[in-house]
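Undergrad: Any chance you can model this:
(one chain, ligands or ions: 1)
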Amino acid sequence: MFNDEKLSRRSTLKIALSVIPMSIGGAALLNACGSESEGLDCTDVSGLSGSETATRTALEYVEASPHGEEKDCTNCNFYTGTATACGACTLIKGPINPKGYCKSWVVKA
Ligand code: SF4
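TA: Predicted coordinates for the structure are as follows:
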């Protein structure tokens, strides 16, 4: 009986010691990755026509807003999509980064 209890405590301790580093490692990995939208690449304009690409350029679309979260596509009235994947814009064709920006930005109504 005593050995069973000791084994049980030992097993519990082993499990606890193996879970703690995994938790710390997971948190570190999430921090290294930053937010989910930071790793997005919404630059593939290969399916766009010349005029659609020209509009994108004319409106000075960029993948990362120079205004940060204060003014980015996620809080623009023309953005449709989520904050964690490439979305769309009713003014500009092609994939739109939720953290992107262009000079037609208007606060979401
Ligand atoms: S208008 Fe510009 S800022 Fe607004 S969603 Fe479209 S690309 Fe983003």
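Undergrad: how's the protein carved up into domains?
TA: With automatic domain parsing as the criterion, the domains of the chain are listed as 1-33, 37-109.
Undergrad: Return the member of these having the minimum mean pLDDT.
TA: Averaging pLDDT over each of those singles out domain 1-33 as the lowest, with a mean of 47.
Undergrad: near the ligand, which residues of this structure?
TA: When proximity is defined as CB under 6 Å from any ligand atom, the chain approaches the ligand at 61, 73, 76, 78-79, 89, 91-92, 96, 100-102, 104-105. Bear in mind the C-beta positions are built from the backbone N, C-alpha and C, glycine included.
Undergrad: Please narrow those residues to those residing in strands.
TA: Within the residues of the chain next to the ligand, residues falling in strands by DSSP state E are Tyr79, Cys89.
Undergrad: so can I have JSON lines of the residues of the chain next to the ligand showing distance to Ala54?
TA: Listed next are the residues of the chain next to the ligand as JSON lines, based on distance: CB to CB, whole Å:
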{"residue": "Tyr61", "distance to Ala54": "11"}
{"residue": "Cys73", "distance to Ala54": "19"}
{"residue": "Cys76", "distance to Ala54": "20"}
{"residue": "Phe78", "distance to Ala54": "18"}
{"residue": "Tyr79", "distance to Ala54": "21"}
{"residue": "Cys89", "distance to Ala54": "15"}
{"residue": "Leu91", "distance to Ala54": "13"}
{"residue": "Ile92", "distance to Ala54": "11"}
{"residue": "Ile96", "distance to Ala54": "16"}
{"residue": "Gly100", "distance to Ala54": "17"}
{"residue": "Tyr101", "distance to Ala54": "18"}
{"residue": "Cys102", "distance to Ala54": "13"}
{"residue": "Ser104", "distance to Ala54": "14"}
{"residue": "Trp105", "distance to Ala54": "19"}
